[in-house]
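Student: model the following, please.
(chains A, B and C)
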Amino acid sequence: MEALNNIFYGFSISFQPMNLLFCFLGVLAGTLVGVLPGLGPPAAICLLLPLTFHLTPVSAIIMLSGIYYGAMYGGSTTSILVNIPGETASVMTCLDGYAMARQGRAGPALGISAFGSFIAGTLGLVGLTLIAAPLAKAALKFGPPEYFSLMLLGFSILSYLASGSMIKALMMAALGLILGAIGMDLISGKTRFTYGIMTLEDGIGLAPVVMGLFGVSEVLLNMEISVKQEIFKTKIKNLFPNLQDWKDSIGAISRGTIIGFFLGILPGGGAVISSFASYAIEKKISKHPEKFGKGAIEGVAAPESANNAATSGAFIPMLSLGIPSNAVMALLLGALMIYGLQPGPLLIRQAPDLFWGTITSMYVGNVMLLVLNLPLIGLWVKILKIPYAILFPLILLFCLIGAYSMNNNVGDLIIMNIFGIIGYLMKKFKYEGAPLVLAVVLGPMFENALRQSLMLSHGSFTIFVTRPISLGFMIAVFGILISSMITKRRPGEGLEE
Amino acid sequence: MEKTTGFRMMVVIFVVLFFCASQILGQEKKFPDTAINLYIGYPPGGGVGNAAQILAEGLKKNLGQPVIVNFKPGAAQAIAGDFVFKCKPDGYSLLYVTETDFIPKLIKDASLLKYSMDDFVSLGASPYSPYALAVNAESPWKTLDDLIAHGRKSPPGTLSYGSVGVATTAHLSAELFSQLTGIALNHIPFQGGGPADTALMGGHVHMCFGSVGRFGARLRPGGGLRPLAILDKKRAPDFPDVPTMLEKGYDMQLLLWNGLHAPKGLPNDVKSILVRAFEKTAKDPEMISALSKAGYYHFYLNPEGQDKQIQTDYKVLKNILSKAGLLN
Amino acid sequence: MADRISGFFWLIFSVIIAEESYRLELGTLHSPKAGFLPFWASLALGVLSSILLLSTSIRRQKIKRIESIEFNKQRLHKVFYVLISLFLYGLLLNTFGFLLCTILLIFFLIGIVETQRWYVVIITTILIPFISYMIFAVWLRVQMPRGFLGF
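Tutor: Numbering: from 1, shown residues only, chains lettered A, B, ... in the order given. This next block holds a predicted model:
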């Protein structure tokens, strides 16, 4: 059993004291950075990179990887506590997580998020260990037509996300498509809707948008409530998820893991899309979908599991093919290159100690994170007890710093503020943020894939159905459309709130 | 009771402020006496970022002060350029760019930018990575001639190539290739090196131009790609079997090279300190070996050489841009 | 009523965007250009907002529910204050520098928007900016802007 041998070999490396230490430092730094909105793993990795020059490549990669998935654990904390996504992948967690916090159930939300992340991360790693190579090859088969069909599928499940008026959700999706188009058009090189502002040339970043839409707007809304009133129920009921919570969540966690893992493998896929997809699917198959958005624990378990599974999945193209799926992977890739290692099909042969040592240390890291995060729940919950009058300036300040520090650009800050107003007005006029964010994420990829495919096929649309994978997704899209038309709508649904 | 607490508070505040002020005001004037900021126009993890991190370590030794790499990505290095353009020319804010991507941007969007190349002072250039033409390792074309023959036989636009965006050097090299060989190519832009290489490795596009540094191990046997030609005067040390475009009769020499700049108005004594330090760093054998592991080969141009090369590239790239109809 | 206002707003917005997209060149279905996606998206937005507007008049007749936007008029000015301070922070950050801006922001939010006792104001105005400076600028080495005062 070669796999078993490799795993033992890997553990022999990751259990070396130095590597354990660096693993711990990495996940600790990652958690802290994940909690801070806006600042993400890239910032922490850049910071610690020069430090790692003096380490062996194995230790360095162990630490840097730890930062990445540590951040996924930490990102959910602020989503639940103050409705600010610490990572863009934690946006969906805000919906039900924050609602739970306001009901005094922040503890169980944080708990199920930690456990779900652990289970999903670990299972994702198992997948990584066993089927990395064939999956990577399969991922290569995804060209522009496949991405287009997949994005189309993503849009079709958008309808599941809407809790309120479908018309308004669709309007937000259309708006999201428009917002996603801001910036330089990839294919023609023309700048769209930038009006000479350089910051907009690369588009409006997703992070300032979600921080404004969810975080800042929430503070603005709370300003209207007299602070003598409770924003958060101060009587916090139990700190951990109870048996019922577990029973409800276990399905969500498993489904989220699978969705997250496979979507994470696709270059360009990733944690954000998987968290949306798992939330939407969970809501669709739930027996009580109306509870979603108001504090359903599955609404926390599903996206959190998905985004952690996706981080494990994202390592596959990086380690096996040398192709980074996102900015963090690109950094790790760069780090590997600085150490003189070339990720790709040759990496396993060139540096087996690095490959297997890193993978096994990720198992170790996940355990460390679980152990780290559980006691912290009590601490985080206490933070909610700070009087809101003092808490809200802190929240705002962290948002401002977070938005600025991403690119050292004041423009991002201003974008966040603008979306803060938009989010505030949206909540007043009863529009939802989730379809908007989904459209902003999917829109550019959808459009690029469409145009790239049409350029490849010289204008023919048959390219989407002649290729097997693409055909499969298209069939799924039709299936969903037909099923939603057949399903009997409850009377009054659709136009009403 | 409250009055004394308030008074004590005031005292504390004043002491703290005074302390801060004295730190700021009481500084000596020898360059460099504090950390230097190096600004990069791409997000971390890219080739420039890696080269910069390595060089920063070396510069630290030669300047005696930490050199901090700052990322200001966006608008194909224009945002970083704009930022350094607005900085004081005191030698503490430097710009490290990939010249071959910066120059087309300056040409194409000259009307939109508040600055041009003349607003910067050159401090030296190093390292470089030559561009290569790569195809999928499983494709039927084993040499450049095979590819060109196939292209000439097929209807125009059959051969597709991936690029990392419009007006990037990857795109422009392909345009030049198309102009020189007379083959009409189908240009498919991608969102970056990762997606472009994935598409090439998956067989969705036929070929791709990119720097040896970016392709990395993928160009080696077993890596998934096959290099057909190098766009340099001489063959690449890592790929001695791959001919250069020049050998094959096509005058295509495009290198990805990085250069250091400071805002105009830099005092001469500061300039010479920086130029000397950068030269020493670039020629340091340890640096050379670290950079070559990251895919960058050694070369060094002093400021005059750098300016001359910028002029040459400017002409070549402007030519390609105008023939491709991309000038605004 | 609320839906009327928002529906109307989005309708106007979609028309503007459609016009801008048209200028960007639409291309055809087989060869979409830069303006293609935004144009059709804005068209969809326009159609949907029209439906929304129509539905408000239909609903009026069927269901007698008064829909009003809930604004707490007494505290609305606080929302404005906070908003203004957020925008000013962004605009002044590069000129004043991180530390000074943050001090001003915290002072404003804690001292004026939600007035606390004066010693709370002083303590937080000192502690919070300095501690965040320590965390972000020194420890995490985020490049915080320096203002005209040099820090």
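
Student: quick one: contacts for residue 52?
Tutor: Unless you meant another one, I'm taking chain A. Counting by C-beta atoms under 8 Å, 6 or more residues apart in numbering or on different chains, residue A:52 touches A:59, A:60, A:63, A:64, A:335. Yep, even glycine has a C-beta here, placed from its N, CA and C like the rest.

Student: let's do chain C instead
Tutor: Contacts of residue C:52 (C-beta under 8 Å, 6+ apart): A:167, A:168, A:171, C:3, C:6, C:7, C:10.

Student: what about the fourth one, how many residues nearby?
Tutor: Burial of residue C:3 is recorded as 23 neighbouring residues (other C-beta atoms under 10 Å in any protein chain shown).

Student: host element of it?
Tutor: Using DSSP states H and E, residue C:3 falls within helix C:2-23.

Student: distance from the very next helix or strand once past that helix to the middle of the chain?
Tutor: Using DSSP H and E, the helix or strand that follows helix C:2-23 in sequence is helix C:36-62. For helix C:36-62, the separation from the chain centroid amounts to 24 Å (computed by C-alpha atoms, centre = their mean, to the nearest Å).

Student: what residues go with each domain of chain C?
Tutor: Domain assignment for chain C, taken from automatic domain parsing, gives C:2-62, C:76-139.

Student: adding mean pLDDT and distance to residue B:274, write the ones you listed out as CSV.
Tutor: Formatted as CSV, the domains of chain C follow (pLDDT from 0 to 100; distance: least, C-beta to C-beta, whole Å):
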stretch, mean pLDDT, distance to residue B:274
domain C:2-62, 85, 42
domain C:76-139, 82, 25
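
Student: ok, now which ones touch residue B:161?
Tutor: B:174, B:185, B:186, B:187, B:188, B:205, B:206, B:207, B:208, B:209.

Student: repeat that with 6 Å
Tutor: By C-beta atoms under 6 Å, 6 or more residues apart in numbering or on different chains, the residues touching residue B:161 are B:174, B:185, B:205, B:207, B:208.

Student: name the helix or strand for it, please.
Tutor: strand B:160-163.

Student: can you list the strands that that strand pairs with?
Tutor: Looking at strand B:160-163 with DSSP bridges, its partner strands are strand B:186-189 (parallel), strand B:207-211 (parallel).

Student: and the last one, what's its mean pLDDT?
Tutor: Rounded to a whole number, the mean pLDDT of strand B:207-211 is 89.

Student: which elements pack onto the helix holding residue C:3?
Tutor: If you count contacts as 3 or more C-beta pairs under 6 Å, 6 or more residues apart in numbering or on different chains; DSSP states H and E, helix C:2-23 packs onto helix C:36-62.

Student: show me which residues of the helix or strand just after the helix it packs on are buried.
Tutor: Downstream of helix C:36-62, the first helix or strand assigned by DSSP H and E is helix C:76-96. Buried residues in helix C:76-96, counted by 16 or more other C-beta atoms under 10 Å in any protein chain shown: C:78-79, C:81-83, C:85-90, C:92-94, C:96.

Student: what do you get for stretch A:348-363?
Tutor: Buried residues in stretch A:348-363, counted by 16+ other C-beta under 10 Å: A:348, A:351, A:354, A:355, A:356, A:357, A:358, A:359, A:360, A:361, A:362, A:363.

Student: returning to what we had before: can I get the helix holding residue C:3 as PDB, trimmed to CA atoms?
Tutor: These are the backbone C-alpha positions of helix C:2-23, laid out as PDB (Å, rounded to 0.1, in the frame of the first residue of the first chain):
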ATOM      1  CA  ALA C   2     -41.200  51.600  -0.800                       C
ATOM      2  CA  ASP C   3     -41.200  49.300  -3.800                       C
ATOM      3  CA  ARG C   4     -42.400  52.200  -6.000                       C
ATOM      4  CA  ILE C   5     -39.400  54.300  -5.100                       C
ATOM      5  CA  SER C   6     -36.900  51.500  -5.500                       C
ATOM      6  CA  GLY C   7     -38.500  50.200  -8.600                       C
ATOM      7  CA  PHE C   8     -38.400  53.600 -10.200                       C
ATOM      8  CA  PHE C   9     -34.800  54.100  -9.200                       C
ATOM      9  CA  TRP C  10     -33.700  50.800 -10.700                       C
ATOM     10  CA  LEU C  11     -35.600  51.500 -13.800                       C
ATOM     11  CA  ILE C  12     -33.700  54.800 -14.400                       C
ATOM     12  CA  PHE C  13     -30.400  53.200 -13.400                       C
ATOM     13  CA  SER C  14     -30.900  50.400 -15.900                       C
ATOM     14  CA  VAL C  15     -31.600  52.900 -18.700                       C
ATOM     15  CA  ILE C  16     -28.400  54.700 -18.000                       C
ATOM     16  CA  ILE C  17     -26.300  51.600 -17.900                       C
ATOM     17  CA  ALA C  18     -27.900  50.300 -21.000                       C
ATOM     18  CA  GLU C  19     -26.900  53.500 -22.800                       C
ATOM     19  CA  GLU C  20     -23.400  53.300 -21.500                       C
ATOM     20  CA  SER C  21     -23.100  49.600 -22.600                       C
ATOM     21  CA  TYR C  22     -24.400  50.400 -26.000                       C
ATOM     22  CA  ARG C  23     -21.500  52.900 -26.400                       C
END
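
Student: please consider this matter closed, and thank you.
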